[in-house]
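K.L.:
Take a look and give me a structure for this.
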Amino acid sequence: MQSVMNWVLVCMVFGLGACASTYRVSPVVAPDQVPVFEQAGDMVRSSKKHVVELGAVRADMRQFDMPRFFIRFKNQGKNPLEFSSENVSVTFNDSPARVLSYEAQIQDVQNRLSYYGMRAPVFLQPSYHPFFGAYRGGFVFVDDFNDRLDVQQALADLDYIQNHSLKPKVVRPGDEVAGEIVIGTKLAAGRSQTMVVNVAVDGENHQFTFGYDQMQR
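P.N.:
Coordinates of the predicted model:
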């Protein structure tokens with residue numbers, strides 16, 4: 001009976017994947033902006049007192065995925081500035097969308113691992129994750145649980161977040177910070193959609209617009 005249920009779940013997953021639409025992500029370059037072409041994909045540069053570059057992590061994305069952007073901020077002022085996902089706000093199809101902080105992404109992985117009574121110390125270097133199972137007297141080392149697919153995925157997600165996500169940082173004059181930000185709103189069904197990303201820092205605003213067009217099968 002359990003094997004039958006597992007097979008049904010697999011079929012449902014593949015069925016949903018087959019029904020999901022694919023969208024092409026295209027930046028709308030404003031007159032005061034310039035396109036920047038990098039290996040990671042097309043980005044847009046906004047230069048005022050400071051410089052902000054933004055681009056989709058991938059040129060296409062699947063429906064039900066959460067949009068990801070690569071952002072780079074360069075401090076061209078005279079004073080150190082704090083920069084993080086808190087500087088970013090998003091409007092998706094004319095509705096506010098949440099930008100997930102670095103801490104929120106880490107906490108999401110911790111919550112998934114806690115389902116198994118585990119925790120991951122995030123202060124360690126990426127790719128090294130000893131886990132501990134909870135018991136009444138404290139914690140015991142556990143090394144036989146990480147063969148589960150969902151735990152492996154959590155480990156992979158933790159590595160990715162630590163290596164790629166935008167981390168809060170105090171940026172000194174002349175320095176820059178870069179990383180990925182995640183929008184906590186999944187792509188809805190629809191042929192034409194718009195996302196507006198505002199980056200507010202040091203009293204100035206950098207606005208970026210992206211169009212999402214459904215690709216024909």
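K.L.:
now the residue most central in space within the chain: how far from residue 27?
P.N.:
Centroid check for the chain by Cα atoms, centre = their mean gives residue 182 as the closest residue, at 2.8 Å. Using Cβ to Cβ, to the nearest Å, residue 182 is found at 18 Å from residue 27. C-beta: built from backbone N, CA, C; applies to glycine.
K.L.:
re the thing from before, distance check, the residue nearest to the centre of the chain against residue 172.
P.N.:
From residue 182 over to residue 172 the distance is 26 Å, taken as Cβ to Cβ.
K.L.:
Confirm that residue 91 sits in a strand.
P.N.:
Yes: assignment of residue 91 by DSSP: H, G, I helix; E, B strand; the rest coil places it within a strand.
K.L.:
Find the nearest non-adjacent residue to it, please.
P.N.:
residue 196 (4.5 Å; Cβ to Cβ, 6 or more residues apart in numbering).
K.L.:
ok, that neighbour touching residue 90?
P.N.:
Yes: at 7.0 Å, residue 196 and residue 90 qualify as touching, with contact defined as Cβ atoms under 8 Å.
K.L.:
Thought residue 36 was touching residue 54, still the case?
P.N.:
No: using Cβ under 8 Å, residue 54 makes no contact with residue 36, being 9.5 Å away.
K.L.:
Show me which of those two is the more surrounded one.
P.N.:
The residue with more neighbours, out of residue 54 and residue 36, is residue 54; 24 against 16, by other Cβ atoms under 10 Å.
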